[in-house]
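K.L.:
what follows is a predicted protein model with its sequence.
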There are 2 protein chains.
Amino acid sequence: MSQPELADALERTASVFRADAHKARVTLRSDSALQAGFHSRARMRGHEISIDEPKGIGGTDLGASPVELVLAALGSCQEITYRAFATALGIPLVGVAVSVEGDIDFRGFFAIDETVRPGFGALRVTVNLTTSASQAQVDALVAAVNRHCPVLDMLSTPVPSHFETRVVAP
Amino acid sequence: MSQPELADALERTASVFRADAHKARVTLRSDSALQAGFHSRARMRGHEISIDEPKGIGGTDLGASPVELVLAALGSCQEITYRAFATALGIPLVGVAVSVEGDIDFRGFFAIDETVRPGFGALRVTVNLTTSASQAQVDALVAAVNRHCPVLDMLSTPVPSHFETRVVAP
């Protein structure tokens, strides 16, 4: 899809959502099940992935770990949001590649120190833009992206979650 | 890996971290790059996945979307944490499967209404346990898991993030 085609597609979608807010509200879903050990298979619509832990901490390394998937989700969400907002704002963008590093202290997960959080304590995001845009355009783009990136939003502002547990006998 | 073998592996790992906190602190990483349109390829150690948006919003659907990956990361992280804590606490657990639903309002991402958050406004997690454990054991397990699940932690408590932008000319 060329930049003008993508601009048209985004504008058509936005028009639908502007006209009818109900169409903008959707529910997405993942269904997963643990296999042997720490290996899990997850399905999101037609897409399936394997998730596992590295061998060093009891896994069989059949896929990335859940916390690594969070890093990939953030990096790719940044990239997609860069493409979308560069297109919408008419800012030239030839390419975008993102590296995300997360620092984790496994004493949290292993319940060795209850003052240590189990998730990443800090994230470092390096955004590599290939663009002829001016510095002012880049600054405007970075601000728009970090204001509207869905995964960054969820890692920055708590998401309310509701749990239900169902138990069946073996 | 049998339940006793997994218990041994987890205890060996925990012993290392208890003895030397430095060994518990690691940095994980994802490197991704946008391909055509909204398609991104991400690499985490040896594991590669394709990420994309559905066709309805300008993508080519070559993979799950970033926000769907967050749902799968949460579901699989819950499952792995259930297995680990059931093993550590000596609670029988034959199987665990998790479904996660997330409600999103795309008026946030599309900047149609700046009061709407771009990420999920709410998550519903259904945990299906196959176990002969007592209700008291299940309650203890649920509490331990939700206290130590790394992905749940990151969706419940903000993760500090630092951004660096690098610009290269085309």
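P.N.:
Yes, it's here.
K.L.:
residues contacting the spatially most central residue of chain A?
P.N.:
When CA atoms, centre = their mean is applied to chain A, the residue found nearest the centroid is A:Ala73 (2.6 Å). Counting by CB atoms under 8 Å, 6 or more residues apart in numbering or on different chains, A:Ala73 makes contact with A:Val151, B:Ile51, B:Pro66, B:Val67, B:Leu69, B:Val70, B:Ala73. Using the backbone N, CA and C atoms, a C-beta is placed for each residue, glycine as well.
K.L.:
in what helix or strand does it lie?
P.N.:
helix A:66-89 (DSSP states H and E).
K.L.:
chain A: strands as residue ranges?
P.N.:
A:25-34, A:40-44, A:47-51, A:95-105, A:120-130, A:161-168 (DSSP state E).
K.L.:
what residues of the third one count as buried?
P.N.:
Of the residues in strand A:47-51, those buried under the neighbour-count criterion (16 or more other CB atoms under 10 Å in any protein chain shown) are A:His47, A:Ile49, A:Ser50, A:Ile51.
K.L.:
low-confidence regions, chain A specifically.
P.N.:
Residues of chain A meeting the criterion pLDDT under 70: A:1.
K.L.:
ok, A:Gln78 touching A:Leu155?
P.N.:
No. The pair A:Gln78 / A:Leu155 is not scored as a contact, 11.3 Å apart, by CB atoms under 8 Å.
K.L.:
A:Glu79 - nearest residue in space that isn't next to it in sequence?
P.N.:
Leaving aside its chain neighbours, A:Glu79 sits nearest to B:Leu34 (4.2 Å; criterion: CB to CB, 6 or more residues apart in numbering or on different chains).
K.L.:
tell me, how many residues neighbour that neighbour?
P.N.:
For B:Leu34, the tally of surrounding residues (other CB atoms under 10 Å in any protein chain shown) stands at 23.
K.L.:
equivalent analysis for A:Gly119, please.
P.N.:
26.
K.L.:
what do you get for the one 5 residues further on?
P.N.:
Other residues lying near A:Arg124 total 17 when counted by other CB under 10 Å.
K.L.:
B:Arg29 versus the residue nearest to it when sequence neighbours are not counted, what's the distance?
P.N.:
Nearest non-adjacent residue to A:Arg124, counting by CB to CB, 6+ apart: A:Glu101, 4.5 Å away. To B:Arg29, A:Glu101 is 5 Å away according to CB to CB, to the nearest Å.
K.L.:
repeat that for A:Ile49.
P.N.:
From A:Ile49 over to B:Arg29 the distance is 18 Å, taken as CB to CB.
K.L.:
now swap in A:His39 and tell me
P.N.:
From A:His39 to B:Arg29 the distance is 22 Å (CB to CB).
K.L.:
neighbour count: these two, which is higher?
P.N.:
A:His39 (21 against 17).
K.L.:
ok, now which ones touch the closest residue to A:Glu11 other than its chain neighbours?
P.N.:
Nearest non-adjacent residue to A:Glu11, counting by CB to CB, 6+ apart: A:Ala88, 7.9 Å away. Counting by CB under 8 Å, 6+ apart, A:Ala88 touches A:Ala7, A:Leu10, A:Glu11, B:Ala111.
K.L.:
for A:Gln137, which non-adjacent residue is closest in space?
P.N.:
A:Ile91 (4.8 Å).
K.L.:
I figured the one you found hits A:Gln135, correct?
P.N.:
No. Under the criterion of CB under 8 Å, A:Ile91 makes no contact with A:Gln135, lying 11.7 Å away.
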